[in-house]
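S.K.: sequence and predicted structure below; questions after.
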Amino acid sequence: MSNESKHLLKIQTSLFQSGGQSSQLTDQFAEQWLAANPGSSTTTRNLAAEPVPHLTLDRFQAFTSDPAQRTPEQQAVVDYSDALIEEIRNADVLLLGVPMYNFSVPSSLHAYFDHVARAGVTFEYTPEGPRGLLTGKKAYVVITRGGFYGEDHAQTQFIRQFLGFIGISDVEFIHAEGLAVGEDAKNDALGAARERITTLA
């Protein structure tokens, strides 16, 4: 990468927090990315330590309410969502650490996505279909899995689809699979993931 100052937003979702494999791999990526981009900066949002509330009818109605008619409670919900979105808007690079839980993404990440997908703010509907508004960004997604599911698994497709929906179509995935199969499989997967991270970062 160039020496132009950039900002990276790291999103961690592991229940094990800093001890999780996805967290350790994203930490490695961020460290190497900073080394390759002198003068740049990072922000971390840990969704396990600070969970985003699940979407409820009241929260959804706050998003769609008339700003002039909002209650203080509704405005607080909107302000919270706006702050999450602003973190993405201010980032040049997104880095997500995503373990597989029950064949999908952690519920904390889904709740985060629910507060980031806002019509008229991060996407808009057009006659040609939805158009993402958070454009001009690069995303790296580290996915860790206990078994072997392949890079075309629905979990990967969902993350790619969501990021594209809000305008982030330049996405690189790093998969580390078979982490619960045995020590050899785990070491091989983590080693390959670390090599790929070194190349990408």
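M.R.: Received it, and whenever you're ready, just let me know what you need.
S.K.: how far is stretch 172-185 from where the chain is centred?
M.R.: Remark: stretch 172-185 is offset 20 Å from the chain centroid, using CA atoms, centre = their mean, to the nearest Å.
S.K.: could you do stretch 48-67 as well?
M.R.: Distance of stretch 48-67 from its chain centroid, counting by CA atoms, centre = their mean, is 18 Å.
S.K.: need the residues that contact that stretch.
M.R.: Contact with stretch 48-67 is made by 12-17, 70, 73-75, 77-78, 81, 84, 106-108, 111-112, 114-115, 118-119, as judged by CB atoms under 8 Å, 6 or more residues apart in numbering. For every residue, glycine as well, the C-beta is placed using N, CA and C.
S.K.: show me what counts as buried in that stretch.
M.R.: 48, 52, 59, 62-63 (16 or more other CB atoms under 10 Å).
S.K.: before we move on, what about stretch 21-38?
M.R.: For stretch 21-38, a neighbour-count test (16+ other CB under 10 Å) marks 21-30, 32-34, 37 as buried.
S.K.: now render those as TSV, adding pLDDT.
M.R.: Shown next, in TSV, are these (pLDDT from 0 to 100):
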residue	pLDDT
Gln21	96
Ser22	97
Ser23	97
Gln24	97
Leu25	97
Thr26	97
Asp27	97
Gln28	97
Phe29	97
Ala30	97
Gln32	97
Trp33	96
Leu34	96
Asn37	94
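S.K.: a markdown table please, covering these and showing secondary structure.
M.R.: Compiled in a markdown table, those are given as follows (DSSP: H, G, I helix; E, B strand; the rest coil):
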| residue | secondary structure |
| --- | --- |
| Gln21 | helix |
| Ser22 | helix |
| Ser23 | helix |
| Gln24 | helix |
| Leu25 | helix |
| Thr26 | helix |
| Asp27 | helix |
| Gln28 | helix |
| Phe29 | helix |
| Ala30 | helix |
| Gln32 | helix |
| Trp33 | helix |
| Leu34 | helix |
| Asn37 | coil |
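S.K.: fine, thanks again, bye for now.
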